[in-house]
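1. Just a sequence and a predicted model for now, questions to come.
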Amino acid sequence: DHCTTPCRIVLDYRVLNRYSHRGGATQHNLVGTLLSVRSMEYMISADISKAFCEMFADPADIPYTGYTCIGNYTLLWNRVSFGSTCAPAMLETDLNDMSDEIYNITLLAKQQDPTRPSTATVPGCYLSEEDLQEVLLCPTNDNVDWIKYGPQIPIEVSMVWFVDDVYIGGASQSHAIDCYSFTAHVYEGHHKLFDPNKNFSSWDNPHQHDDAPEILKKLLGYLFRQSCGLLHAVYEADRVPSDQVMSKRKASSYLLSLYDPLGLILEQTMIGRLIWRQITEITKDWDATVTDDHRRQVSDWVDRSKGLCDDIKYGVPRFIDINNHSVILSVDASVMAWGIDLRCVSSPNDRIMSRAGLFPRSQKKWSIPRKELESLWRGLKWIKMYSLYLPVKTHRTPQQHVLHPLRPDPQPRELYVITDSEINVYRLRRLSNDKRLPVVERRRLKEIRQLCIDLDAVIYHVPSEINPADSLSRARPGLYRYDDKIMNAIKTSTVIYDYKDCDLLDDPPASSSTLDLPPEEHRLCTITVNPDGIPLPKISDIEDPEQHAELDRILRYAKQQYTSDQDSPLDTIEFVDAIETCAHRCQHLDEDLRLLKSYLEGKGNKNKMGVKATYITRLATICILDDHGLIRRYPQQSEWKRAFEDPLGVIFLGGSDYAKKLITLLAIIYHYVYLHKAHRKITAQLQRRYNGKGLPTIVKKTIASCLPCLRSKAYRGLNYVSRSVQALATKSIWQVCGADIVGPYQRDEPIEGSTTSSPRKRYILL
């Protein structure tokens, strides 16, 4: 009933750790080793037999790693014991020294004839004894003869090791066999023998009978199907018994038994994380019994996991040619999770590795653009962490060592990054827009721009249908084929962030002053205002007579003055009919609303919408078509905060020029109906019935020149200076010799409930 896998202890020497010095930290990286192994086209796996028992400490190192003080006695030991803190570092150092020896011997072999191909071999007898004595770890005569009269020496050897597992690669099967023979011979000279029962190659075994069941091999925890070269994740627990009572600890054991460090079937793991989140919200004690519903979910998840691990269709090819091709990083986020996926240009249907996670409670209320920005930042940081093993610009941490020369070293190439968040790509392109955003998003945008420079990355906007990370963020397992769709979307993408394009980072220079323009470019312009000084929209430039007549019908209401004794025209039959006619026209002229209406009617095809498919489908979840064919937002429920909206739903007007003229007329009408209210209150009243692009800005600019409102503001200001200041001077114990107002001074003040600040004008009374 333990939440982790069982651990095999052969001889427990951990008691020595209380007396001996602590060993160093190893540089082993499981994911990095898997990436290197997957980059080898032909590979032979070997296992060092009894690796920890075959290590001996150097006499100079015994005072630091091999002594034990027991009372008055000091025990010296030269064999490294399994379980001591120095054992992992000793084994890594041992293998690294032997790898240096192999690399130096291959350099000697290459110097014999530099024109030979990389797959060639050189007999050991061609090497001089003096050169061998310089590169061997223990240059005795027997060891020199061991190399000279052993297997032929390959010119180039590709090798990866992880603890006691060694993987030797080659450009062909024969080359891999030559490299393995020479490596095994050198290891044997250092008392490190490869266990023949555990060795296997990446190609099919011709000696296996066709009728015999295939035995899957173990490759760093994954199951390797030798016949077709596929890797399978491993589920290590048994199925859930039908009569078993499941505790929270047992549920954790089941949900943690899926071994998949590369994230080949990470969508299934994400489902398990969602189940675990539900369990932890209800069940707090580790020994408490989970609910029957949660037990059923865990049981179904275990059965599904075993099915995915055993299904050959969900196997992923071991070899992916990342040494000669660029990689594609895809990022996405949903309401509940974020996901990042890495694939190669040469095989877009095969996943190299992936990563995903659930948003914590503190980030649940974030907007979707901010969550997608977070996933983009996480993806680039993730690639930078594994840049040693990928074809991107390499970046190491301060304590990280360079890769050994025998390990595969992909050459840096351009990193393709794809996302379906169009707004974030535009944010990256416009540096000047950062100051308007919250602090969190400003910081993320700055870090992402720097990561793009560090990794030589270019970000492309693509439709969500061809974003491999979409299934991760929504926890939807399945078989997805992209073929050439990803590269075609990258080539045809028009929304791109490239850090090398300086024109995208800054705003265009400000246009020249009007006084510097040639005389022929000066033009006279006129505007029409009503008696209160409010500008009326210019509908005379509309060529379509029907559109002109529709707006002229609304214009009649904008020219009238309404008092508190008069009835409001907003709910009259004539006004409502005129508004519906204009709303139909607005939705017909706006391209996005046209696509949305076609989609709501069941006539639209997402594949033909292009980059707007995600926006249209998300908008369709909150919109309906009323009886008159108008697009409206779902009516608000009575228990919601905005309960004063139109009971039929808010009408969408879009962002066409026709819609802007209509919003201007509505702003004038509402300004008079509500007796010269401020622009914020007029905007709030309009937004209860209408939704249009730039509606608050249009309302503010329209009624800003209202003369009665300006007189009222001026009177209030004059009243303060003429009356309040005089009263202060006469009623106070001090006398005012003179009064003056200086300003305005612009000062940023924080907004309540937000991390941003807004500029406000301040005046000082002297």
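-> Everything's here; your move.

2. Domain-wise, how is this structure divided?
-> Listed by automatic domain parsing, the domain ranges of the chain are 14-201, 234-317, 327-504, 530-590+622-704, 725-765.

3. Return the set of buried residues in the longest strand along the chain.
-> The residue-count maximum for a strand in the chain (DSSP state E) belongs to strand 347-358. Neighbour-count burial for strand 347-358 flags 347-348, 350-356, 358 (criterion: 16 or more other C-beta atoms under 10 Å). For the C-beta atoms, the positions are set from N, CA and C on the backbone; glycine is no exception.

4. thinking again about what came up before, can I get the domains of the chain in CSV with mean pLDDT?
-> CSV is the format used below for these (pLDDT from 0 to 100):
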stretch, mean pLDDT
domain 14-201, 81
domain 234-317, 92
domain 327-504, 91
domain 530-590+622-704, 84
domain 725-765, 65
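
5. quick one: which of those is nearest residue 222?
-> For residue 222, the closest of the domains of the chain is domain 234-317, at 6.6 Å, according to C-beta to C-beta.

6. count of neighbours near residue 334?
-> A count of nearby residues for residue 334, using other C-beta atoms under 10 Å, gives 17.

7. So it sits against residue 471, correct?
-> No: applying C-beta atoms under 8 Å as the test, residue 334 and residue 471 come out as separate, 10.4 Å apart.

8. Neighbours of residue 411, how many?
-> For residue 411, the count of nearby residues is 8 (other C-beta under 10 Å).

9. quick check: mean pLDDT across stretch 708-716?
-> Mean pLDDT, stretch 708-716: 78.

10. ok now the host helix or strand of residue 652, how far from the chain's centre?
-> Element membership for residue 652 (DSSP states H and E) is strand 651-654. Relative to its parent chain, strand 651-654 has a centroid offset of 33 Å by C-alpha atoms, centre = their mean, to the nearest Å.

11. packing partners for that strand?
-> Packing contacts for strand 651-654, counted by 3 or more C-beta pairs under 8 Å, 6 or more residues apart in numbering; DSSP states H and E, involve helix 573-589, helix 591-600, strand 631-633, helix 657-673, strand 690-692.

12. Now tell me what touches that strand from outside.
-> 579, 583, 586-587, 589-590, 592-593, 596, 623, 630-633, 659, 662-663, 689-693 (C-beta atoms under 8 Å, 6 or more residues apart in numbering).

13. Any of those buried? List them.
-> Looks like those have 579, 583, 586-587, 589-590, 592-593, 596, 623, 630-633, 659, 662-663, 689-693 buried, using 16+ other C-beta under 10 Å.

14. quick one: secondary structure of residue 417?
-> Taking DSSP: H, G, I helix; E, B strand; the rest coil as the rule, one finds residue 417 in the strand state.

15. so what's it up against?
-> Contact analysis of residue 417 by C-beta under 8 Å, 6+ apart lists 328-331, 376, 379-380, 452, 457-460.

16. same thing but 6 Å
-> Taking C-beta atoms under 6 Å, 6 or more residues apart in numbering, we find residue 417 in contact with 329, 457, 459.

17. Can I get those residues in JSON lines including neighbour count?
-> Compiled in JSON lines, those are given as follows (neighbours: other C-beta atoms under 10 Å):
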{"residue": "329", "neighbour count": "26"}
{"residue": "457", "neighbour count": "23"}
{"residue": "459", "neighbour count": "27"}
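
18. Would you reformat those residues as a markdown table and include distance to residue 198?
-> Converted to a markdown table, the contacts of residue 417 look like this (distance: C-beta to C-beta, whole Å):
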| residue | distance to residue 198 |
| --- | --- |
| 329 | 35 |
| 457 | 40 |
| 459 | 44 |
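
19. Mind checking which of the residues you listed are in strands?
-> 329, 457, 459.

20. which other residues reach stretch 179-187?
-> Applying C-beta under 6 Å, 6+ apart, the contact partners of stretch 179-187 are 44, 102, 150-151, 153-154, 157, 168, 170, 194.

21. typo on my end, it should be stretch 485-503
-> By C-beta under 6 Å, 6+ apart, the surrounding residues in contact with stretch 485-503 are 348, 416, 422, 425, 428-429, 452-453, 458-462, 466.

22. Tell me how far the closest residue to residue 548 other than its chain neighbours lies from residue 293.
-> Spatial nearest neighbour of residue 548, chain neighbours left out: residue 542 (4.7 Å); criterion: C-beta to C-beta, 6 or more residues apart in numbering. Residue 542 is 61 Å from residue 293, where distance means C-beta to C-beta, to the nearest Å.

23. quick one: which of the two has more around it?
-> A direct count of neighbours by other C-beta under 10 Å for residue 542 and residue 293 places residue 542 higher, at 18 against 10.

24. what's the helix or strand for that one?
-> Of the helices and strands defined by DSSP H and E, none includes residue 542.

25. Check which residues of the longest helix along the chain are buried.
-> Across the chain, the helix with the greatest residue count (assigned by DSSP state H) is helix 87-112. For helix 87-112, burial by neighbour count (16+ other C-beta under 10 Å) applies to 87-95, 98-99, 101-106, 108-110.

26. Check stretch 172-190 too.
-> Within stretch 172-190, the residues that count as buried by 16+ other C-beta under 10 Å are 175-187, 189-190.
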